[in-house]
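Enquirer: got a predicted structure plus its sequence, pasted below:
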Amino acid sequence: QRRPYRSHHSRHATGPYRAILGGSEHAGGGGGGGRRATAYWINTFRVVHDAEKLAAYAALAKPAMEAAGGRFLARGVAAAAFELGTTERTTLIEFPSVAAAVAAYDSPAYQEALRALDGGAERDIRIIEATD
């Protein structure tokens, strides 16, 4: 279930958050000479209920993410985990922008992958913007 970022500060957003919340598409706001900030999709599996459904999801999700401009940077179980960290499978995907990552999630191809997963896992998905 997708829960978009909402803040009581949304109508006053500036800088990179303005792009996320419907303002300029450029980091730095203003719509002028800024550049789009790279975004990272972090998908952490909390529990895997059905390995076959996960495999079907992964087979569909990878090409869906790549078609949407995603580049897989890391996949697998954690090498180390601290505090409330989990050692389950984690995926890190780079996108050219937050908008591109959100569009990837909403794409018909990725929605097909989600249908294949069909409750086979519980996950935490976050999209964050690069600092530089």
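Expert: Perfect, I can see it now.

Enquirer: quick one, strands of this protein?
Expert: 39-48, 71-77, 89-95, 121-129 (DSSP state E).

Enquirer: with residue 102 as the reference, name the closest of those strands.
Expert: Among these, strand 121-129 comes nearest to residue 102, with 6.6 Å by Cβ to Cβ. Every residue, glycine included, has its C-beta placed from N, CA and C.

Enquirer: can you list the strands that that closest one pairs with?
Expert: Listed by DSSP bridges, the sheet partners of strand 121-129 and their directions read strand 39-48 (antiparallel).

Enquirer: what mean pLDDT would you report for the strand it pairs with?
Expert: Taken as a whole, strand 39-48 carries a mean pLDDT of 94.

Enquirer: any idea of the angle that strand forms with strand 89-95?
Expert: Here the directions of strand 39-48 and strand 89-95 differ by 160 degrees (axes from the mean of the first three to the mean of the last three Cα atoms, to 10 degrees).

Enquirer: hmm, back to that, winner for burial among the strands of the chain?
Expert: Ranked by average neighbour count under the criterion mean count of other Cβ atoms under 10 Å, these are headed by strand 89-95 at a mean of 20.

Enquirer: packing partners of that strand?
Expert: When contacts are defined as 3 or more Cβ pairs under 8 Å, 6 or more residues apart in numbering; DSSP states H and E, strand 89-95 packs onto strand 39-48, strand 71-77, helix 98-106.

Enquirer: any chance of the strands of the chain in a markdown table, with distance to residue 58 too?
Expert: Formatted as a markdown table, the entries for those read as follows, by distance: least, Cβ to Cβ, whole Å:
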| stretch | distance to residue 58 |
| --- | --- |
| strand 39-48 | 11 |
| strand 71-77 | 9 |
| strand 89-95 | 9 |
| strand 121-129 | 10 |
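
Enquirer: skipping its backbone neighbours, what lies nearest residue 89 in space?
Expert: Using Cβ to Cβ, 6 or more residues apart in numbering and skipping residues adjacent in sequence, the residue nearest residue 89 is residue 45, 4.5 Å away.

Enquirer: so that neighbour makes contact with residue 90?
Expert: Yes - between residue 45 and residue 90 there is a contact at 7.1 Å, judged by Cβ atoms under 8 Å.
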